[in-house]
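> I'll drop the sequence and a predicted model, then ask my questions.
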Amino acid sequence: MQWEELTIVTSNEAQAAVEGLLIEEGAEGIIVDDQALQKDGSAVIKLSSFFASYKEISKRLSVIKGKIENLREFGLDPGEVEVKLREVTDQWSDEWEKYYHARRVTRYLTIVPSWEKYRLSQSNENVIRLDPGKAFGTGTHPTTVLAMRALEDTIRGAETVIDVGTGSGVLSIAAKALGAGKIYAFDIEKDAVVSARKNIALNPFAKNIDIAQNNLLTGISVSADLIVANVLPEVLLQLLPQLPERLKQGGRFIASGIISAKKDAMKDAILKQGLFIEQIATDGKWVSIVAHKTAEKE
Ligand SMILES: C[S@@+](CC[C@H](N)C(=O)[O-])C[C@H]1O[C@@H](n2cnc3c(N)ncnc32)[C@H](O)[C@@H]1O
C-alpha cells in the first residue's frame, strides 16, 4: 500500500498536542523520536506520521501548520516547526509494532497489543486488547490514562455511559471492563468508528456498546449516568452546552485532553453549565476534570 509520511519536528511541550492534531487529520500511526536533535544540538521531538495516500494530506499542510502555530494561544510553544512530506511504500506498521507493548496503565487496567501474548500478573487486572490503527488507539497517552483513572474512580456498576470522541474505542472498552452497563460511543471520524468496532470485537467482554459516527452529541437523545470525553479543549467547549440535557440527575462528566494552561478556563466553562466539580487530576501538563450534575454537599 502507498502511504504518505508526514514528519513534523516540534518542541517537547507541544508533542502531545501535535500528536492529537495528526490523529484528527487521520494519521494511521505515529512514531515518536524523542531523542532527535536540531542542527544546533538542541533537543526536539520528531513525529513521523503515516497517512493513506488517498487522504491527500498534502492538501492539508497549510492548515496543519496553522493549527500548530495556533497552539501558542493554548500556552504551548511548538518551537521552530519543521514539516516534511514524502511518499513511502514500506510497511511502517512493522516499525510501529517494535514500540508498542503491554502496559499496565491504571491500577486495574492493562493494555495489550492484539498480537502480543500476555499473562495476568494479578487476579484483579483487566486486560484490554487493542490494535492501534491510530496512535490514540494505544491507550497509553496521558490524556487517555487520566480518563481511564477517572472511570475507575467513578464506575460502580451498570451505568449507562456515553463516550464522546471514542477513537479506538479504548475508553468504552475500559468502562465495560470496570462494570458499566450500556455504552454509546461516538466519533466524528468514520475511520475511528471502524477502528473502535474492530477493537471492541477483540474484547469479548465488551458487549452492549453501540458505536456511531456523530458530531459530539448533536441529535442524540439518550440520557447517561456518565459521559466521558477525551478531546481537544476547543472540542470540549463545544460539547459542554450539550451535557446538562444528556446527563441524568447525579450523572457525572469526565473531561480529559485539557492542557494545564486551559484548566481554569475549562473549570469556569463547566461551572457555567450548572455542573459541580468534584475531582481534578493531572499527569505532567495534562489535566482531567470530573464533574456532576446535581450538587450533593459541596
Ligand atoms: C484525543 S482522541 C481520543 C480517543 C480515545 N477516546 C482516547 O481517549 O484515547 C479524540 C477523538 O475525538 C474525535 N473527535 C474530534 N472532534 C469530534 C467531534 N466534534 N465529535 C465527535 N468526535 C470528535 C476524534 O476523531 C478522535 O478520535
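Sure thing, it's come through.
> you'd agree L239 is up against L216?
Yes: at 5.0 Å, L239 counts as touching L216 under the criterion of Cβ atoms under 8 Å. Quick note: C-beta positions are derived from backbone N, CA and C, even for glycine.
> shared neighbours of those two, which are they?
Counting by Cβ atoms under 8 Å, 6 or more residues apart in numbering, the common neighbours of L239 and L216 are V164.
> what about the closest residue to the ligand within the stretch 1-150 of the chain, neighbour count?
Nearest residue of the stretch 1-150 of the chain to the ligand, counting by Cβ to the nearest ligand atom: T144, 3.6 Å away. For T144, the neighbour count with other Cβ atoms under 10 Å is 24.
> does it belong to a helix, a strand or coil?
helix (DSSP: H, G, I helix; E, B strand; the rest coil).
> contact partners for it?
Contacts for T144 were tallied using Cβ under 8 Å, 6+ apart; they are 105, 136, 138, 170-171, 230, 256.
> next SSE downstream of the helix or strand bottoming out on mean pLDDT in the chain?
One helix or strand of the chain scores below all others by mean pLDDT, DSSP states H and E: helix 92-99, with a mean of 60. Using DSSP states H and E, the next helix or strand after helix 92-99 towards the C-terminus is strand 103-104.
> packing partners of the helix or strand just after that next one?
Where DSSP H and E defines the elements, the next helix or strand beyond strand 103-104 is strand 109-113. Secondary-structure packing of strand 109-113 (3 or more Cβ pairs under 8 Å, 6 or more residues apart in numbering; DSSP states H and E): strand 103-104, strand 126-130, helix 170-177.
> secondary structure element for E234?
helix 233-239.
> Q213: neighbouring residues, count only.
13.
> what comes up buried for the longest strand along the chain?
Longest strand in the chain by number of residues (criterion: DSSP state E): strand 247-259. Buried residues in strand 247-259, counted by 16 or more other Cβ atoms under 10 Å: 247, 251-259.
> let's have those in JSON lines, adding distance to N199 and pLDDT.
Putting those into JSON lines (distance: Cβ to Cβ, whole Å; pLDDT from 0 to 100) gives the following:
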{"residue": "L247", "distance to N199": "26", "pLDDT": "97"}
{"residue": "G251", "distance to N199": "26", "pLDDT": "97"}
{"residue": "R252", "distance to N199": "24", "pLDDT": "98"}
{"residue": "F253", "distance to N199": "24", "pLDDT": "98"}
{"residue": "I254", "distance to N199": "20", "pLDDT": "98"}
{"residue": "A255", "distance to N199": "22", "pLDDT": "98"}
{"residue": "S256", "distance to N199": "18", "pLDDT": "96"}
{"residue": "G257", "distance to N199": "19", "pLDDT": "91"}
{"residue": "I258", "distance to N199": "24", "pLDDT": "91"}
{"residue": "I259", "distance to N199": "26", "pLDDT": "85"}
